[in-house]
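Chemist: quick one, what's the 3D model for this:
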Amino acid sequence: MKKIRIGTRSSKLALFQANQVVDQLNALGYPSEIVTIESTGDTIKEQPLYEIGITGIFTKRLDTAVLNGEIDLAVHSFKDVPTALPQGLAQAAVLKRDDPYDLLVSKKDLHFFEQQTATIASGSIRRRAQWLHRYPNHQFENLRGNIGTRLEKLENSDWDGAIFASVALKRLDLFSEKTGYLRLDWMIPAPGQGAIVVLALQKNTALLDVLKNINDVTTELCVKVERDFLRTLEGGCSAPIGALAEIKDDELSFKGVVFNTEGSRKMEFSKTVPVKYAEELGFKAAQYLIERGAKQMMRPRISSEKQALLFSTKILTKNQLESIKGDVKVEMSNLINIKNNRLKPHLLNEKIENAVFTSQNAVEALLSNFSVHQLKFNNIYCVGIRTKTLIESRIGEVKHACNSAEKLADYLVENLEEKSVSFFCGDKRRDDLPKILIDHNIDLKEIECYKTVLTKKIVDENIDGILFYSPSGIESYMQKNKPNKATAFCIGDTTANVAKKYFKSVKIAKESSVKGMIALVNNHYK
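Modeler: Residues are numbered from 1 along each chain as shown. Predicted structure coming up:
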């Protein structure tokens, strides 16, 4: 049987981790051998990681070796792995996690906490930010190198202590009775800290099947939630972001923190949910903090001047965000919220000849009051592809749909036989459709199904583009913001006509849907 070539860095800790994989594969009857490859991070020893600016500084060369066929798999500390894996590689296995927390190693004892100032060392901006948030009068020194080198530097320095991953000292049996230790339960670890991940070629299905046998599903889920949090915040491996997910009694508890680089500001999210509902928790947690300004707080360290910055006036799903291409960052918040009205039953006592909807909100509001069997419509007309899709999936066939209220009004004027319309709308509906119908002697009955609640939110003034899904979204945005030079990306003609009052550059989606909006953005920034 051919030996499986396991790639790793040559440090003692990396070799320990690789041997964990070797032992488990041997137990399954699969012989293997270790191949050492130095990383860029191992060759740059003095500069702080957050100043180097290389993605995957400890993983890139190993991953390249897998892609080139020099090794069969790569073993990494999961916290070092970028959130986007190289194309062609798959996450093959995650080993059972060890202690994820950080540990303070003090020079002699812990009495220095009684002093007004102290000097602490670490090469991690995350550890630095969290420590300075708690102890703002302390000084911080950069500390790089392998574990042994760092402990030696601490011993030969005048520092009071240095911060290490607890699991690193444990795996290398480096705890010493001469040195003081303090487990930093208040310091939230890096996403994936304490976990070992194995990467292999996506097309090597036989090896992937073998590696499934050493995968720990509990650790896999916890680290996924943590890395989703990191990915959504768009923070690299060295960003001031901490995340920890733990499972107990079929519940997953998650805590995520974000700091500015100086440690003077902190944002936090924590929640416990049943495991079966935990899949999207990291994404939702990050989005909660983003809405409250987390990205702006971190921007001095992790932003890119070349990166386009967009603001979406509604929350996009994870899949929608991932379909936005190019060097584009998206911040988002729901600038309008919907409150459904309580509708009286007598409104639908008689069959309605022509029902008109210009938004999904009206459809949802109507369905929150009545069952489908109570809705007696001969003909249904609407604005927008998504509204049409919703109606046909929940109520019945749409006779005709247009991409703007004005076009629908013109169509109704030309084609209605029964000159009466029941318009299901919100309190902030545009006047174009009702006015056109009334001017052409069509009997109009407006049924207000919902109220639109605007949100006053200040948006980053450096925004390059804003995604608007309705005229009300524009109204809400303009309460606290100015157009500046931003481009308005609009879901349809009705929204675009309002945007043109404020924005010089207005783009209209070919398809009146979120999918159409994303296609519009991708085409603009291609």
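Chemist: quick one: S472 is in a helix?
Modeler: Yes: the assignment for S472, made by DSSP: H, G, I helix; E, B strand; the rest coil, places it in a helix.
Chemist: pretty sure it contacts K428?
Modeler: Yes: applying CB atoms under 8 Å as the test, S472 and K428 come out as touching, 5.1 Å apart. (Glycine included, C-beta is placed from N, CA and C.)
Chemist: what about S393, distance to F424?
Modeler: Computed with CB to CB, to the nearest Å, the distance linking S393 and F424 is 17 Å.
Chemist: which of these two has more residues huddled nearby?
Modeler: Taking S393 and F424 together and counting by other CB atoms under 10 Å, F424 has the greater number of neighbours (26 against 8).
Chemist: bridging residues for that one?
Modeler: Applying DSSP bridges to F424 yields these beta-bridge partners: F357, I447.
Chemist: who's in contact with it?
Modeler: With contacts defined as CB atoms under 8 Å, 6 or more residues apart in numbering, F424 is in contact with 355-357, 362-363, 365-366, 447, 449.
Chemist: cutoff 6 Å now
Modeler: Residues near F424 by CB atoms under 6 Å, 6 or more residues apart in numbering: 357, 362, 366, 447, 449.
Chemist: nearest residue to the last one other than its sequence neighbours?
Modeler: Take C449 and drop its neighbours on the chain: the residue closest to it by CB to CB, 6 or more residues apart in numbering is A365, 3.7 Å away.
Chemist: can you tell me what sits against the helix or strand harbouring that neighbour?
Modeler: Under the criterion of DSSP states H and E, A365 resides in helix 360-369. By CB under 6 Å, 6+ apart, the surrounding residues in contact with helix 360-369 are 338, 340, 343, 357, 386-387, 390-391, 424-425, 449-450.
Chemist: where does pLDDT dip in the stretch 1-150 of the chain?
Modeler: Within the stretch 1-150 of the chain, the stretches with pLDDT under 70 are 39-58.
Chemist: tell me how far Q91 lies from N215.
Modeler: 9 Å.
Chemist: ugh, wrong one, P100
Modeler: P100 sits 18 Å away from N215, taking CB to CB as the criterion.
Chemist: so between those two, which is more surrounded?
Modeler: Summary of the neighbour comparison: P100 and N215, criterion other CB under 10 Å, with P100 having more neighbours (25 against 16).
Chemist: quick check: that one touching Q193?
Modeler: Yes: with contact defined as CB atoms under 6 Å, P100 and Q193 form a contacting pair (4.8 Å).
Chemist: and the helices in the stretch 1-150 of the chain?
Modeler: 12-27, 40-43, 49-52, 60-67, 125-134, 147-155 (DSSP state H, counting those that start in this stretch).
Chemist: could I get these as a markdown table with distance to E234 and mean neighbour count?
Modeler: What follows is the helices of the stretch 1-150 of the chain, written out as a markdown table (distance: least, CB to CB, whole Å; neighbours: other CB atoms under 10 Å):
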| stretch | distance to E234 | mean neighbour count |
| --- | --- | --- |
| helix 12-27 | 27 | 18 |
| helix 40-43 | 21 | 16 |
| helix 49-52 | 15 | 17 |
| helix 60-67 | 19 | 19 |
| helix 125-134 | 15 | 23 |
| helix 147-155 | 29 | 16 |
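Chemist: what helix or strand does the residue nearest the centre of the chain sit in?
Modeler: Among the residues of the chain, the one closest to the centroid is T232, at 2.0 Å (CA atoms, centre = their mean). Using DSSP H and E, T232 falls within helix 217-233.
Chemist: other SSEs contacting the very next helix or strand once past that helix?
Modeler: For helix 217-233, the succeeding helix or strand toward the C-terminus, using DSSP H and E, is strand 241-248. Here strand 241-248 touches helix 217-233, strand 251-259, going by 3 or more CB pairs under 6 Å, 6 or more residues apart in numbering; DSSP states H and E.
Chemist: closest to I436 out of the ones you listed?
Modeler: Set against I436 and scored by CB to CB, the helices and strands packed on strand 241-248 come closest in helix 217-233, at 43.3 Å.
Chemist: from the chain's centroid, how far away is the closest one?
Modeler: 11 Å (CA atoms, centre = their mean, to the nearest Å).
Chemist: next, the buried residues of it.
Modeler: 219-233 (16 or more other CB atoms under 10 Å).
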